[in-house]
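Q: predicted model follows, preceded by the sequence.
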Amino acid sequence: MSRKKGLRGKAASSSPSTDSPTGKSTGKTARSSPGIVQMNGVVHPSRPPISNSSEFYDIAFKVMLVGDSGVGKTCLLVRFKDGAFLAGSFISTVGIDFRNKVMNIDGVKVKLQIWDTAGQERFRSVTHAYYRDAHALLLLYDVTNKSSFDNIQSWLTEIHEYAQQDVVLMLLGNKADSAHDRVVKREDGERLAKEFGVPFMETSARSGLNVELAFTAVAKELKHRSTKDPSEKFKLQEYVSKEVKGAGCCRS
Ligand SMILES: Nc1nc2c(ncn2[C@@H]2O[C@H](COP(=O)(O)OP(=O)(O)OP(=O)(O)O)[C@@H](O)[C@H]2O)c(=O)[nH]1
Ligand SMILES: [Mg+2]
């Protein structure tokens, strides 16, 4: 994934059929299934529309990764999308970037357009503009960085101010693989999440711990809301509590 990119060509793209930050047009369109509600988000004309894709899908949603600089947002996205870990020197994201991934959720193809935001304060006004279109937000802190955890409260204030009221929100404590450098206990993350009534899990972009699960949980919740199938009972909190893996066992 390209990092260190300027805002032009991504956030400021005006191409109507971009599927990746490279802006390549594919010409293919979404496959729609009977009984499934098509994408219900607002698409701003200056942003890549979610309805054009190189892959077929039934429903599509926008997910945003937010949190302090260095918590591992870009690495989490790369792990999810490419199954790899971006080791080496840290290259801070400039502005905002996105990647698409289509997941098969209970026989329905759910496309996630995942926006990777810059955690640095100087880009805050850019990311604010994207909150309102987001269907889900993954809010990250770094278990080896206490201030990233302390800042969660102000991130939540920002989310309440700029995001939709019914946005799906999940708190992730990333870098759970770093046992020696850990300064935030899992229980502290759990307590904070409980206080704000949001699902929580620890993740690791390095080991892959819970990465797939975090995005699957969000996709399941969004699909459930979108299809409104009364026969289908899905509770995000319960699903996460049941499925979440501890840092000790390093399963993805
Ligand atoms: N040990 C460990 N290191 C990680 C993990 N995730 C990210 N890192 C490292 O943390 C640093 C920052 O990761 P990024 O993904 O670039 O952080 P970011 O949140 O995107 O930062 P900004 O783009 O500035 O907002 C990099 O050096 C990564 O290698 C993880 O799960 N475990
Ligand atoms: Mg980044």
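A: It's in. Keep in mind that this is a model prediction, so the values were computed, not measured. Ligands and ions are numbered 1, 2, ... in the order given.

Q: shaky segments in this protein?
A: The chain contains residues with pLDDT under 70 at 1-54, 229-231, 247-252.

Q: can you map out the strands along the stretch 101-250 of the chain?
A: For the stretch 101-250 of the chain, applying DSSP state E, counting those that start in this stretch gives strands covering 108-117, 136-142, 168-174, 200-202.

Q: just the CA coordinates of the second one, formatted as PDB?
A: Meaning strand 136-142. Provided in PDB are the C-alpha atoms of strand 136-142 (Å, rounded to 0.1, in the frame of the first residue of the first chain):
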ATOM      1  CA  ALA A 136     -18.100   1.900  10.900                       C
ATOM      2  CA  LEU A 137     -15.100   3.100  12.800                       C
ATOM      3  CA  LEU A 138     -12.300   1.100  14.200                       C
ATOM      4  CA  LEU A 139     -10.700   3.200  16.900                       C
ATOM      5  CA  LEU A 140      -7.200   2.000  17.700                       C
ATOM      6  CA  TYR A 141      -4.800   2.500  20.600                       C
ATOM      7  CA  ASP A 142      -1.300   1.000  21.000                       C
END
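
Q: which elements pack onto it?
A: strand 59-67, helix 73-82, helix 146-150, helix 152-162, strand 168-174, helix 211-227 (3 or more CB pairs under 8 Å, 6 or more residues apart in numbering; DSSP states H and E). Quick note: C-beta positions are derived from backbone N, CA and C, even for glycine.

Q: now do the third one
A: Using 3+ CB pairs under 8 Å, 6+ apart as the contact criterion, the secondary-structure elements in contact with strand 168-174 are helix 73-82, strand 136-142, helix 186-196, strand 200-202, helix 211-227, helix 236-243.

Q: list of residues touching that strand?
A: Contacts with strand 168-174, where a contact means CB atoms under 8 Å, 6 or more residues apart in numbering, come from 71-72, 75-76, 135-143, 149, 152, 159, 163, 184, 186, 189, 192-193, 196, 198-205, 210, 214, 217-218, 221-222, 225, 236, 240.

Q: ok, now with 6 Å
A: Contact with strand 168-174 is made by 71-72, 136-143, 189, 193, 198-200, 202-203, 214, 218, 221, as judged by CB atoms under 6 Å, 6 or more residues apart in numbering.

Q: same question for stretch 118-128.
A: Stretch 118-128 is contacted from outside by Gly67, Asp68, Ser69, Thr93, Val94, Gly95, Thr117, Tyr162, using CB under 6 Å, 6+ apart.

Q: ditto for stretch 193-206
A: Contacts of stretch 193-206 (CB under 6 Å, 6+ apart): 72, 75-76, 79, 85, 169-174, 176-177, 186, 189-190, 209-211, 214, 236-237, 240, 244, 247.
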